[in-house]
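# just coords:
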């Protein structure tokens, strides 16, 4: 497997979108995580390995959290967020969630 050397991330209570960032990293490293659990010296924790349905659930959760992550990123691009940017960002968030509901109705 050719993957960059990175660490799995933890949720950070000070950043509300850290769950999205954490899930994104975990999903990107799925092959490595699965291989870790399959290695001989991890037999004692093999029962903790995520099932395909659990991976699918995490992917769906990531899809749901992506629009608010993008909205937060657009508001964080400036050192001083302006109210004029908040309304368009919120409108975009609502439109993005409508698109999620249309393209992945099981996530709505």
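Yes, it's here. Quantities reported herein were computed from a predicted structural model and do not represent experimental measurements. Numbers count the residues shown, from 1 in each chain.
# In the strand or helix carrying residue 37, which residues are buried?
Assigned by DSSP states H and E, residue 37 belongs to helix 30-38. Neighbour counts over helix 30-38 (16 or more other CB atoms under 10 Å) mark residue 33 as buried. C-beta: built from backbone N, CA, C; applies to glycine.
# Which helix or strand lies directly C-terminal to that helix?
Using DSSP H and E, the next helix or strand after helix 30-38 towards the C-terminus is helix 52-76.
# who does that next one touch, helix- and strand-wise?
When contacts are defined as 3 or more CB pairs under 8 Å, 6 or more residues apart in numbering; DSSP states H and E, helix 52-76 packs onto helix 18-28, helix 83-103.
# quick one, which of those is packed in tightest?
Highest mean neighbour count among the helices and strands packed on helix 52-76 (mean count of other CB atoms under 10 Å): helix 18-28, with a mean of 17.
# packing partners for it?
helix 52-76.
# How about residues contacting the helix it packs on?
16-17, 19-21, 23-24, 26-27, 30, 50, 81, 85-86, 89-90, 92-93, 96-97, 100, 104, 106-107 (CB atoms under 8 Å, 6 or more residues apart in numbering).
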